[in-house]
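>>> how would this look folded up:
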Amino acid sequence: MKWLSLLLIMLASPVLAQSASPGVGQPKVDQLLELLRDPEIQTWLSQRPNTTTLSKDQASSVAIWETATRGRIDAAISAIPRIPVEVAASSQRVRQDALSRGYAPVLPMMFAVMLVGIAAETWFKRRRTNDGLLDQFLPVGVFSAAMAIVFFTFPWPPLGRVVMAAYLAAFVVYRIASTAADLVGMDRQLRVRVRLFVAVATFAVASAAAGKGLGVDLAVRDAISYLFSVFLLAMAVECAGRLANKRPAVRAAICLAIVAIWLLWCVDLPGLFWLGVYAFILPAILRSVGAATNAAGLGEDSPLRKVLLVRGARAVVALIAVGWLAFVWHVDTNSLAHQNPEVAAFLSGALKSVVVLLLADLVWHLAGTAIEQRIKAPQAAGEDAPAHAAAATRLHTLLPIFRNVIAVVVFVVAALTVLAELGVEIGPLIAGAGIFGVALGFGSQTLVKDVISGVFYMLDDAFRVGEYIQAKSYKGTVEGFSLRSVRLRHHRGPVFTVPFGELGAVENMSRDWSVDKFRISVAYSTDIEKARKLTKKIGAILQADPEFGPLFIEPLKMKGVEEFGDYGIVLSFGMTLRPGQTTTIRRKAYALIREAFTENDIEFATPSVQVGGDERQAAAAVSTVTRLQQAKAAATET
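Residues are numbered from 1 along each chain as shown. Prediction:
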């Protein structure tokens with residue numbers, strides 16, 4: 001910078017004057033050189049503390065910055081009258097350089113290059129019919145590529161090449177920003193102001209870059225930049241004052257904040273300046289990027305892809321902003337980050353932390369969207385509907401648990417990484433968390449057992465909501481489950497809330513199919529073949545029933561004679577059903593069997609006792625009873 005050069009010249013001038021004075025003789029100089037060659041003198045000089053470094057370290061950084069900034073501003077203000085002269089001289093140098101090498105002036109050459117880009121863009125637009133988000137930026141890309149090819153193909157004059165590169169790049173940036181403003185959906189007046197602001201800003205940056213390449217004095221370049229910045233400040237304040245959806249106090253605060261950001265740029269604090277700019281425009285840019293991605297219809301067929309595109313686009317914008325801020329701090333050698341290693345480490349950690357948080361946000365939203373998409377997936381119809389419904393029930397139970405686990409893991413990992421990048425010692429935190437986890441584990445063994453058992457019950461698909469199960473002494477229909485227990489409704493009404501750790505082996509009576517068997521006793525005179533045919537007809541009737549027919553897998557059949565009982569023949573019956581209505585169908589089958597057997601003279605076995613004997617047995621029985629009565633009477637008298 002200019003102030004640094006002037007300072008070095010001022011410091012070096014006394015030394016130069018002293019060296020130019022003829023008062024020092026050659027013998028004294030030879031004696032000094034001889035002393036400097038002495039090893040003892042060299043050792044003493046090497047061990048002597050560097051007073052210059054100490055004095056620089058002890059100097060106030062704020063004072064140095066204040067002096068430099070004041071000198072820069074004073075020089076820029078003083079150079080304002082010289083702007084026309086410097087601009088005219090630079091233009092003349094560029095013109096003479098082009099004409100001396102046989103080229104036209106720079107302005108016609110630059111317009112010719114732009115015309116080539118416009119022609120290529122027009123040709124490309126005529127062959128594109130889509131109106132997607134990518135198709136809005138592709139013409140600008142073709143325009144830029146065509147100009148780049150022409151620019152790098154021809155050997156332009158040195159000074160003209162500098163000017164053309166600066167202003168062509170500025171025009172490309174303006175085209176990109178203008179296209180983005182069209183996609184955001186601003187109203188017409190705001191869009192015009194944004195375009196004008198971007199045009200002036202890019203022209204100012206291009207002028208500063210071209211002026212540096214042309215050798216324009218630094219003070220003059222600063223003066224031009226200050227004048228452009230005042231115009232941009234006025235535009236920004238005027239635009240903020242037109243915000244109709246803000247209260248007057250809010251509009252005034254926004255205007256003051258804009259002025260404060262401009263002052264940060266004026267006093268050469270680029271890092272803080274860009275932080276202020278990001279605070280204003282970055283949230284709006286991120287919202288606009290998300291809205292533009294949604295409006296473009298990208299990823300409509302897949303919610304996961306849509307989240308990836310929207311969040312990914314926002315993350316790319318944020319990463320570009322962070323990268324630019326890191327570049328600014330790296331280039332600005334006068335910043336506090338370069339003067340203080342601790343501040344430099346903190347800023348580096350903060351920038352890395354932003355990247356970590358962006359990645360954590362992207363991972364969490366991708367995982368959350370994938371889980372929500374899986375939970376809300378439509379169930380299949382047809383024969384596989386029950387299986388899909390069962391799987392959906394299990395997923396509805398497990399996926400929210402997994403989502404919470406993923407959220408905790410992402411949060412903890414991101415938090416620890418951010419703390420580590422900011423210079424916080426996370427070793428004690430991890431050790432303390434480990435001790436706390438061990439203590440919590442010992443104190444909540446039952447809870448942990450219940451939770452883990454529940455997860456494995458769900459993974460094993462041991463039961464589902466609506467199924468009838470029995471575990472130990474508990475049985476009933478599963479009404480629901482939580483993280484640690486299952487709720488069973490007994491068929492008589494009571495509700496059991498059983499921890500998963502207490503379930504043990506589970507008997508599921510509602511899974512896939514069930515075989516129901518029962519026995520009926522008939523008289524010994526029954527025609528077995530006739531009973532079998534009647535049973536087959538009853539099975540056909542049950543299958544034809546619109547209520548019970550869909551529940552049959554195999555119809556009601558008579559298996560045959562099971563055994564000969566005390567009072568009749570025991571017949572065995574069986575049927576294979578879908579679970580859930582076994583008892584109801586059995587009752588219906590009982591009624592139909594009784595009705596059919598009765599109509600066809602098939603008697604059911606009836607328990608009967610046949611009592612018989614001769615006269616001698618009767619007399620003996622009477623004699624025995626008489627003796628017992630007499631013995632009882634004698635015992636009573638005694």
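
>>> now the strand or helix carrying residue 518: how far from the chain's centre is it?
Assessed by DSSP states H and E, residue 518 sits inside strand 514-522. Remark: strand 514-522 is offset 59 Å from the chain centroid, using Cα atoms, centre = their mean, to the nearest Å.

>>> list the buried residues in that strand.
Across strand 514-522, burial judged by 16 or more other Cβ atoms under 10 Å covers 514, 520-522. Using the backbone N, CA and C atoms, a C-beta is placed for each residue, glycine as well.

>>> can you give me the strands for the stretch 351-500 of the chain?
Using DSSP state E, counting those that start in this stretch, the strands assigned to the stretch 351-500 of the chain run over residues 468-471, 474-481, 485-489, 495-499.

>>> figure out which of the ones you listed is closest to residue 528.
With distances scored as Cβ to Cβ, the stretch of these nearest to residue 528 is strand 468-471 (35.1 Å).

>>> residue 228 against residue 197, yeah?
No. Using Cβ atoms under 8 Å, residue 228 makes no contact with residue 197, being 11.2 Å away.

>>> surely residue 69 forms part of a helix?
Yes. Checked against DSSP: H, G, I helix; E, B strand; the rest coil, residue 69 lies within a helix.

>>> what sits up against the strand holding residue 518?
With contacts defined as Cβ atoms under 8 Å, 6 or more residues apart in numbering, strand 514-522 is touched by 531, 559, 562, 565, 567-579, 582, 585-586, 590, 593, 597, 602-605.

>>> now the following helix or strand past it - C-alpha only, CSV.
Sequence-wise, the next helix or strand downstream of strand 514-522 (DSSP H and E) is helix 528-544. Extracted in CSV, the C-alpha atoms of helix 528-544 (Å, rounded to 0.1, in the frame of the first residue of the first chain):
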residue,chain,number,x,y,z
ILE,A,528,-70.2,-92.5,9.4
GLU,A,529,-70.2,-92.1,5.6
LYS,A,530,-73.5,-90.2,5.8
ALA,A,531,-72.0,-87.9,8.5
ARG,A,532,-69.0,-87.2,6.3
LYS,A,533,-71.1,-86.2,3.3
LEU,A,534,-73.2,-83.9,5.5
THR,A,535,-70.0,-82.3,6.9
LYS,A,536,-68.7,-81.7,3.3
LYS,A,537,-72.0,-79.9,2.4
ILE,A,538,-71.7,-77.8,5.5
GLY,A,539,-68.2,-76.8,4.5
ALA,A,540,-69.4,-75.7,1.1
ILE,A,541,-72.2,-73.6,2.7
LEU,A,542,-69.7,-71.9,5.0
GLN,A,543,-67.4,-71.1,2.0
ALA,A,544,-70.3,-69.7,0.1
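
>>> quick one on the thing from earlier: TSV for the strands of the stretch 351-500 of the chain, including mean pLDDT and mean neighbour count?
TSV is the format used below for the strands of the stretch 351-500 of the chain (pLDDT from 0 to 100; neighbours: other Cβ atoms under 10 Å):
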stretch	mean pLDDT	mean neighbour count
strand 468-471	86	20
strand 474-481	84	17
strand 485-489	88	20
strand 495-499	89	15
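
>>> can you list the low-confidence ranges for the stretch 351-500 of the chain?
Residue ranges of the stretch 351-500 of the chain with pLDDT under 70: 377-395, 397, 441, 443.

>>> how far away is residue 215 from residue 75?
Residue 215 sits 17 Å away from residue 75, going by Cβ to Cβ, to the nearest Å.

>>> got it, and residue 375?
Per Cβ to Cβ, residue 375 is found 66 Å from residue 75.

>>> neighbour-wise, which of the two wins?
More crowded of residue 375 and residue 75, by other Cβ atoms under 10 Å: residue 75, with 19 against 14.

>>> isn't residue 328 up against residue 271?
Yes. Between residue 328 and residue 271 there is a contact at 5.9 Å, judged by Cβ under 8 Å.

>>> pull the residues that contact the biggest strand by length in the chain.
For the chain, the longest strand by residue count, based on DSSP state E, is strand 552-564. For strand 552-564, contacts defined as Cβ under 8 Å, 6+ apart pick out 513, 517, 519, 528, 531-532, 535-536, 538-540, 542-543, 569-578, 585, 589.

>>> angle of it against helix 528-544?
If you take axes from the mean of the first three to the mean of the last three Cα atoms, to 10 degrees, strand 552-564 sits at 160 degrees to helix 528-544.

>>> how about the helix or strand just after strand 552-564: buried residues?
Under the assignment DSSP H and E, the closest C-terminal helix or strand after strand 552-564 is strand 569-577. Using 16+ other Cβ under 10 Å as the test for burial, strand 569-577 gives 569-571, 573, 575, 577.

>>> let me know the closest of the residues you listed to residue 458.
Relative to residue 458, the closest of the buried residues of strand 569-577 is residue 577; by Cβ to Cβ it sits at 26.8 Å.
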